[in-house]
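Novice: compute the structure for the input listed below.
(one chain, ligands or ions: 1)
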Amino acid sequence: REEEMTMKTYCKSAKLDNVCYDIRGPVLEEADKMIARGEKILKLNIGNPAPFHFNAPQEIINDMIYNLHDSEGYSDSRGIFSARKAIMQYCQLKGIKNVDINDIYTGNGVSELIVMCMQGLLNNGDEILVPAPDYPLWTASITLAGGNAVHYQCDEQSEWYPDINDIKKKITDKTKGIVIINPNNPTGALYPESVLKEIAEVARQNELILFADEIYDRLVMDGLKHTSIAALAPDIFCITLNGLSKSHRVAGFRSGWMVLSGPKEQVRGYIEGINMLSSMRLCSNVPSQQIIQTALGGYQSADELLLPGGRIYEQREYIYNALNDIPGISAVKPKAAFYIFPKIDTERFHITDDEKFVLDLLREKKILLVHGRGFNWMEPDHFRIVYLPNIDDLQLAMSKFRNFLQGYQQS
Ligand code: PLP
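Specialist: The predicted structure follows:
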């Protein structure tokens, strides 16, 4: 009798079938197993500043503690007034015009808002243009919402800027929007105004929505200036996303926001969808909203890390030079954020599987990177390094990496 009884089994939803988020995928699982066995892994895989002793400004922590008792209840689903007012003023500083307090939504990190933007817009088969390489949450969220992420190339030969002709070629009658990640994760590229204007023109001609992920806009080096595409395109409906995870080293607080700008006529229905989703999650974490005003109010605390002598700047100099000194590796110099996306000579090392390459390095040298295909880069010839560890650790990692490559041939 017992053998005849069938047990119910539960699989993941079919909605998740093609959803990939490899930054926290199989390679990390292997690393976690090694850690559980007591092995020490040097993690160059996740852009989380705090564990590398990039502490949040004390002012921010004080502010959160001070306001904790006023943060016990739910807030307005878009967010508290002081946070949205500060974001509104930040938009003014960045030249994003006509942003009203109700055009601003706070979120549990930019992550929640990316998912919300895609859930609110896409029907099955709708297309969104996304960069390759990308921050893979964009592709994953589009797929989860039933859409198709169509990847446009960013060109390593041109500082990893988006290839405008490729964007144009990939537009179809199903395309609803273009995502740009500027400054970029994983390449560290910062787009000049000329490139942004060209992208805006493509959106204008084809009546597309622009999604601008600008979470690294306050982490720019070399005296360069970040420009928001929304500031260059007041006539286009843009959603600009930003947050405090990186600039204020509070990734764990989950503090993000998005701003709707440009004409609303054609997108009224979409905004209703966003409002509904925003209400359904009630509100974002209120203590994290409380710090936004202080964070954006004048003291731009990352600046000293980004100038010569500052940690991020010096670590960038080190990693860029060290990688380019290794035979078979080349890398474009990042201008912003804290990532570098080097190219590896696949012929020289007979590499056909970049995930295996990263796993081999992990097992042999206990260094954890993410393979390029984790960022929807289709060739097995890139990987991403997070250069947040201090120079001593980066030096150790690079000497082990050089040593690993000396004998490496993928079978
Ligand atoms: N967008 C990009 C480009 C990122 O790199 C990240 C995190 O690494 C996020 C969004 C998510 O950030 P948050 O911590 O605000 O959810």
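
Novice: distance of L362 from K33?
Specialist: Going from L362 to K33 by Cβ to Cβ, to the nearest Å gives 10 Å. From N, CA and C alone the C-beta is placed, and that goes for glycine too.

Novice: so A295 sits against L244, correct?
Specialist: Yes: using Cβ atoms under 8 Å, A295 makes contact with L244 at a distance of 5.3 Å.

Novice: quick one on the thing from earlier: which of L362 and K33 has more neighbours?
Specialist: Neighbour count, other Cβ atoms under 10 Å: between L362 and K33, L362 has more, with 21 against 10.

Novice: what sits against that one?
Specialist: V27, E30, A31, M34, I41, L368, L369 (Cβ atoms under 8 Å, 6 or more residues apart in numbering).

Novice: show me the contacts for the closest residue to the ligand within the stretch 1-150 of the chain.
Specialist: Here the stretch 1-150 of the chain gets closest to the ligand at one residue, G109, 2.5 Å apart by Cβ to the nearest ligand atom. The contact partners of G109, taken as Cβ under 8 Å, 6+ apart, are G243, S245, A251, R254, S255, G256.

Novice: swap in N324?
Specialist: S330, A331.

Novice: can you tell me how far it sits from the ligand?
Specialist: Distance, N324 to the ligand, by Cβ to the nearest ligand atom, to the nearest Å: 24 Å.

Novice: name the residues of the stretch 51-200 of the chain found near the ligand, please.
Specialist: G109, V110, S111, Y135, I181, N185 (Cβ under 6 Å from any ligand atom).

Novice: mind listing residues that contact stretch 151-169?
Specialist: Contacts of stretch 151-169 (Cβ under 8 Å, 6+ apart): 129-134, 139, 170, 178, 180, 184, 187-189, 191-192, 195, 198-199, 202, 332, 335, 341, 343, 376, 378.

Novice: rewinding a little: rebuild the contacts of G109 as a markdown table, extending it with secondary structure, neighbour count and pLDDT.
Specialist: A markdown table is the format used below for the contacts of G109 (DSSP: H, G, I helix; E, B strand; the rest coil; neighbours: other Cβ atoms under 10 Å; pLDDT from 0 to 100):
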| residue | secondary structure | neighbour count | pLDDT |
| --- | --- | --- | --- |
| G243 | strand | 29 | 97 |
| S245 | coil | 24 | 95 |
| A251 | helix | 20 | 94 |
| R254 | coil | 20 | 97 |
| S255 | strand | 28 | 97 |
| G256 | strand | 25 | 98 |
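
Novice: and those as JSON lines, adding distance to the ligand?
Specialist: Conversion of these to JSON lines gives the following (distance: Cβ to the nearest ligand atom, whole Å):
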{"residue": "G243", "distance to the ligand": "4"}
{"residue": "S245", "distance to the ligand": "3"}
{"residue": "A251", "distance to the ligand": "5"}
{"residue": "R254", "distance to the ligand": "7"}
{"residue": "S255", "distance to the ligand": "7"}
{"residue": "G256", "distance to the ligand": "4"}
